[in-house]
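Chemist: the sequence and its predicted three-dimensional model are supplied below.
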Amino acid sequence: MTEKSIIAGVKIKQRKQDMDYEMEELKNLVEASGGEVACSLVQELDKYNAATYFGKGKVEEIKLLAEEIGATLLVINDEVTGSQINNIEKVTDLRVIDRTMLILDIFALRAKTKESKLQVELAQLKYTTPRLKGRGIELSRLGGGIGTRGPGEKKLETDRRHIERRIYEIEKQLRKTVAVRDVNRKSRLKNNIPIVSVVGYTNAGKSTLINTLIAKYGVEKDKEVYVYNKLFATLTTENRKLVLPGKFEVIVTDTVGFVSKLPTLLVESFKSTLEEINYSDLIIHLIDITNENLQVQKSTTEEVLKEIEAADIPMLEVYNKIDDSNLDYDGKTGTYISAKSDINVDILVGKILYNLFGEEGTYELNIGYNEYEKLQIVENKTEIIEREYLESGTRVVFKTREKLYDRYFREKKNDSEF
Ligand SMILES: Nc1nc2c(ncn2[C@@H]2O[C@H](COP(=O)(O)OP(=O)(O)OP(=O)(O)O)[C@@H](O)[C@H]2O)c(=O)[nH]1
Ligand SMILES: [Mg+2]
């Protein structure tokens, strides 16, 4: 049975805040966590109440409302303190969690790999556990309800020493996975294969785009990534190798989706995962054009990119889901695609190629018979249009792009001129 909840927030009078959007998003988050929202309410205040976040009267009101509609859980729109949670629980008899605990709960629900499970547990140990102090046993018995999920079957630990030991343990294990990733990354860098990361708000269609690219250009076509129409489907970065038209090899990276007020702690715990983005040569910022709040979603993503210091990496803004939108994008600048229906994905690929490898061009080289390696590169990495065997070697005419030509042939050509 799904748990009935009330979602509630405080709007500070002097602050510009789109409460409709925030509450709608909070509702989506509750649903993503398997709950049901029975009621949503907002109180306007000059400032948060230090003891109870809401005003005293409002807390009483929530208690009565909950009894009337049979709600058992209260979800608060902001991060609150442990004592605020305790005080509200005392009055209302409801279980109380805040937005951050809810997001962590969804992550706990979705985490599949060992690494993401550890990352979520770490964030929960640092955030949730201290706030629910003294109720660990009660909670673990409840199990399954929103805000009570921990990765694995582990009980919420309440003893501070235990928690600290566990945090130390997890951090140690996570450092190991970082080391493995470093090795993989180094080998990719050595191979000179550029990396393209797809980033954006959760549910924008990032994983769908990756799968469409795999189907068209993937080296291993059966290695699809996970797609799900719920918030936070992807929790680990996934790398796939593509060979784009013209024999250009790239690695595409699927990443964790973002959400507004993404808890700093979560960003911190997932830092090693998010850091993969820092190593990319190009970022595709995917935006769901059907979402009426796309401006908020867009700036949220930009903020997170700043936070992880990836804002300087060249970026392409790409609008997705045009198959589901009646927006007239003709004549507009920008890239408009449908990842799912494969509309304009080839145009996007053209832009990726241009960004990574520069303008396309036709080149001609005379390659001596002793320059076997050079001929190999031309054969493997470019499209040969003409080939002629001469006494001195092979004359080839081929198509490639500026930067690739510069990397492999420009200096060598100068060398051989002397
Ligand atoms: N109509 C339409 N739906 C799309 C398109 N691309 C993706 N979707 C749908 O959007 C939902 C989310 O897709 P995902 O690819 O999982 O989104 P994501 O950005 O990877 O989401 P997270 O991993 O949660 O951050 C799925 O139901 C997709 O089928 C598109 O071009 N058109
Ligand atoms: Mg995804």
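Modeler: Ah, there it is. Ligands and ions are numbered 1, 2, ... in the order given.
Chemist: for Gln376, helix, strand, or coil?
Modeler: Of the three states, Gln376 takes helix according to DSSP: H, G, I helix; E, B strand; the rest coil.
Chemist: hang on, Arg161 in a helix?
Modeler: Yes: looking at Arg161 with three-state DSSP, it is inside a helix.
Chemist: name the SS class of Ala8, please.
Modeler: Reduced to three states with three-state DSSP, the structure at Ala8 is strand.
Chemist: ok, now which ones touch the nearest residue to it once chain neighbours are set aside?
Modeler: Setting aside the residues directly before and after it, Ala8 is nearest to Leu41 in space (C-beta to C-beta, 6 or more residues apart in numbering), at 4.9 Å. (Each C-beta comes from the backbone N, C-alpha and C, glycine too.) Contact partners of Leu41, counting by C-beta atoms under 8 Å, 6 or more residues apart in numbering, are 6-9, 62, 65.
Chemist: what is the nearest of these to Thr333?
Modeler: Nearest to Thr333 out of the contacts of Leu41 is Gly9 (C-beta to C-beta; 37.1 Å).
Chemist: the residue nearest to Ala8 falls within a strand, correct?
Modeler: Yes: looking at Leu41 with three-state DSSP, it is inside a strand.
Chemist: can you check the pLDDT for it?
Modeler: Model confidence at Leu41, given as pLDDT, is 96.
Chemist: show me which pair in the contacts of Leu41 is furthest apart.
Modeler: Gly9 and Leu65 (14.7 Å).
Chemist: Lys112: neighbouring residues, count only.
Modeler: Lys112: 11 surrounding residues under other C-beta atoms under 10 Å.
Chemist: backbone phi and psi for it, please?
Modeler: Lys112 adopts backbone torsions of phi -120, psi -40, taken as degrees, to the nearest 10.
Chemist: and it, what does it touch?
Modeler: 235-236.
Chemist: picking that back up, check the gap between the residue nearest to Ala8 and ligand 2 for me.
Modeler: Between Leu41 and ligand 2 the distance is 32 Å, computed by C-beta to the ion, to the nearest Å.
Chemist: how about the residues of the stretch 151-300 of the chain near ligand 1?
Modeler: Neighbours of ligand 1 within the stretch 151-300 of the chain, by C-beta under 6 Å from any ligand atom: 202-208, 227-229, 231-234, 257.
Chemist: one more pass at 5 Å, please.
Modeler: 202-208, 227, 229, 232-234, 257 (C-beta under 5 Å from any ligand atom).
Chemist: figure out the length between the terminal residues of stretch 311-328.
Modeler: End-to-end distance of stretch 311-328: 29 Å, with C-alpha to C-alpha, to the nearest Å as the criterion.
Chemist: now stretch 257-268
Modeler: Stretch 257-268 stretches 15 Å from its first residue to its last (C-alpha to C-alpha).
Chemist: ok, Gly9 and Leu65, which is more surrounded?
Modeler: Gly9 (20 against 17).
Chemist: and the residue nearest to that one when sequence neighbours are not counted, how far is that from ligand 2?
Modeler: The spatial neighbour of Gly9 that comes closest, neighbours along the chain excluded (C-beta to C-beta, 6+ apart), is Asn77 at 3.0 Å. Asn77 sits 25 Å away from ligand 2, going by C-beta to the ion.
Chemist: hmm, back to that, tabulate the contacts of Leu41 (CSV), appending distance to Glu391 and pLDDT.
Modeler: Compiled in CSV, these are given as follows (distance: C-beta to C-beta, whole Å; pLDDT from 0 to 100):
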residue, distance to Glu391, pLDDT
Ile6, 86, 97
Ile7, 81, 97
Ala8, 85, 97
Gly9, 81, 97
Ile62, 91, 96
Leu65, 92, 96
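Chemist: ok, the residue in the chain that ligand 1 sits nearest to - how many residues close by?
Modeler: Ranked by C-beta to the nearest ligand atom, the top residue of the chain for proximity to ligand 1 is Gly257, at 2.2 Å. When counting by other C-beta under 10 Å, one arrives at 24 neighbours for Gly257.
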